[in-house]
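> what follows is a predicted structure for the sequence shown.
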Amino acid sequence: MTQRILAGRKGWPRVVLARAGAYDPDAGLAAAEKAGAWSAWRKAVADLAPETVIRFVGEAGLRGRGGAGYPAADKWRTCRAQPAARRHVVANGYGADPGAATDRTLLEQDPHGVLEGLALAAFAVGATRAYVAVRADATVVVRRLAAAIREAEEAGLIGSDALGAGFDLHVELRELQGAFVLGEETVLLRALEGKRGMPDQRPPYPAVKGLWGEPTVVNNVQTLAAVPWILANGPAAHRAIGAADSPGTALVQVSGAVKMPGVLEVPMGTPLKQIVAAAGGATGELKAVLVGGPSGGFLPAERLDLPYSHAALAGAGAIVGSGTVLVVDGSACIVELATLLERFMSDESCGKCIPCRIGTRRLTEIGERFIGGRPRPNDVQLLGDLAADVRDGSLCGHGITAPNPLVSGMRYFAAEFEDHILRSTCPAGVCTPLRVAGGTA
């Protein structure tokens, strides 16, 4: 599901998509190198120490773009410090959210940029094996990445004795298929080992004990694609973009009730209203935005001044998550939509821990009672208490964020929930057997 790349507002810089459209990914390595690919890699291997690469990434303030926002340099530094015979680096391009195509768009448009960032990460931490994990059904991505890896090996950029510098780096493309939870890093690592996709207890974190029990860095493909730009333009240039607590840019997919759905590269800290406006604005009266995907949070129209950053979104009950912004108009029922998302999160639970496996199912049932006109007297209190238990007791981010849609929906759209619970009416006329507000049963 490739999305068109939108131009964005004037003055928004391009970092991750800096070379998107500058070369034809099917034209081969020469075309990519003409557009600037692999130049930062050549310079790093020739002139820089691995510790210097990590320092540059740290000074740039680069944080993971996979949703959690962990500082990339801290993860790299931890991995490099481990006394291990082997280390690994994994590029997470799986794109677990079925409604998101940001990672896929990047991989299709600039596969060499992602591979170059992966190579730089491996060089920095001292890894000789690297993996790119993608969805098996992303056929264009698979074809272009396979060709890019092969061409880079044939040119001596990677492989045995890369660039004649005595550094070995073997990159393997892994095509995976699985559930939504596969986007979580420890689940992804188990899948790469050929095991059932279930999360591990942390700590120890993968940077200490990852693939086959060895130190492993897992970075989203967007994080890795920013690294060549940082080395080419300097850490200060990257830190000058975006928010102080999260410099740089991020890919955001805007969809739903907007005039021009697609993928934008936006500076971190950009107000949500500017992101929606850059996609042409809402097609009708904007009711809410769902930020972060199925485990994201609903925000009302009056909160669109909120900056798109990890801290600001978390404080408001949303997350960066999969990098999606779904615009919702008045034809949607927030209660019904939040329950649908909760059901998805419940269905996608791997089942390893009880709070997620059972708790998300009970949350779904509460939502279904709301939209079916059968609420119980204690359901509102039960939902709040159970959501807290699921968040506090779950093993991985899947369960921790799973209650977000219902909790944020009740926080900002309390009147709509009250209509369902107290008056058995659905203002949007979506829920049955509830009657439309102002109508007859």
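Yes, it's here. All values derive from a computational prediction rather than experimental measurement.

> only C-alpha atoms from now on, for both contacts and neighbour counts.
Fine.

> where in the stretch 1-150 of the chain is pLDDT low?
1-2 (pLDDT under 70).

> in stretch 127-140, what counts as buried?
Neighbour counts over stretch 127-140 (16 or more other C-alpha atoms under 10 Å) mark 127-135, 138 as buried.

> which one of the residues you listed is nearest residue 184?
residue 133 (12.2 Å; C-alpha to C-alpha).

> quick check: bridge partners of that closest one?
Assessed by DSSP bridges, residue 133 has beta-bridge partners residue 92, residue 174.

> quick one, what contacts it?
By C-alpha atoms under 8 Å, 6 or more residues apart in numbering, the contact set of residue 133 is 90-94, 173-176.

> repeat that for residue 36.
With contacts defined as C-alpha under 8 Å, 6+ apart, residue 36 is in contact with residue 19.

> looks to me like it is in a helix.
No: looking at residue 36 with DSSP: H, G, I helix; E, B strand; the rest coil, it is coil, so not inside a helix.

> do you know how far it is from residue 110?
11 Å (C-alpha to C-alpha, to the nearest Å).

> find residues that contact each of those two.
Common neighbours of residue 36 and residue 110 (C-alpha under 8 Å, 6+ apart) are residue 19.

> ok so, going back, show the buried residues in the contacts of residue 133.
Neighbour-count burial (16+ other C-alpha under 10 Å) is assigned, among those, to 90-94, 173-176.

> on the three-state scheme, residue 171 is what?
Applying three-state DSSP: residue 171 is strand.

> you'd agree it is up against residue 150?
No: counting by C-alpha atoms under 8 Å, no contact exists between residue 171 and residue 150, whose distance comes to 9.3 Å.

> of the two, who's got more company?
residue 171 (24 against 16; other C-alpha atoms under 10 Å).

> leaving out the residues flanking it, which one is nearest to the more buried one?
residue 130 (4.7 Å; C-alpha to C-alpha, 6 or more residues apart in numbering).

> the one you found: which element?
Using DSSP states H and E, residue 130 sits within strand 129-135.

> so what does the next helix or strand after that strand touch, helix or strand wise?
Remark: after strand 129-135, the chain's next helix or strand is helix 139-154, criterion DSSP H and E. Here helix 139-154 touches helix 29-34, helix 102-109, helix 111-125, strand 167-176, going by 3 or more C-alpha pairs under 8 Å, 6 or more residues apart in numbering; DSSP states H and E.

> contacting residues for the spatially closest residue to residue 94 that is not a sequence neighbour?
Nearest non-adjacent residue to residue 94, counting by C-alpha to C-alpha, 6+ apart: residue 134, 4.2 Å away. Taking C-alpha under 8 Å, 6+ apart as the criterion, residue 134 is in contact with 92-95, 141-142, 173-176.

> for the stretch 251-400 of the chain, give me the ranges with low pLDDT.
Nowhere does the stretch 251-400 of the chain drop to pLDDT under 70.

> and the helices in it?
272-278, 310-316, 334-347, 354-371, 379-393, 397-401 (DSSP state H, counting those that start in this stretch).

> could you list the domains of the protein?
29-240, 246-329, 334-436 (automatic domain parsing).

> need the winner for burial among those.
Greatest average neighbour count among these goes to domain 246-329 (a mean of 22), per mean count of other C-alpha atoms under 10 Å.
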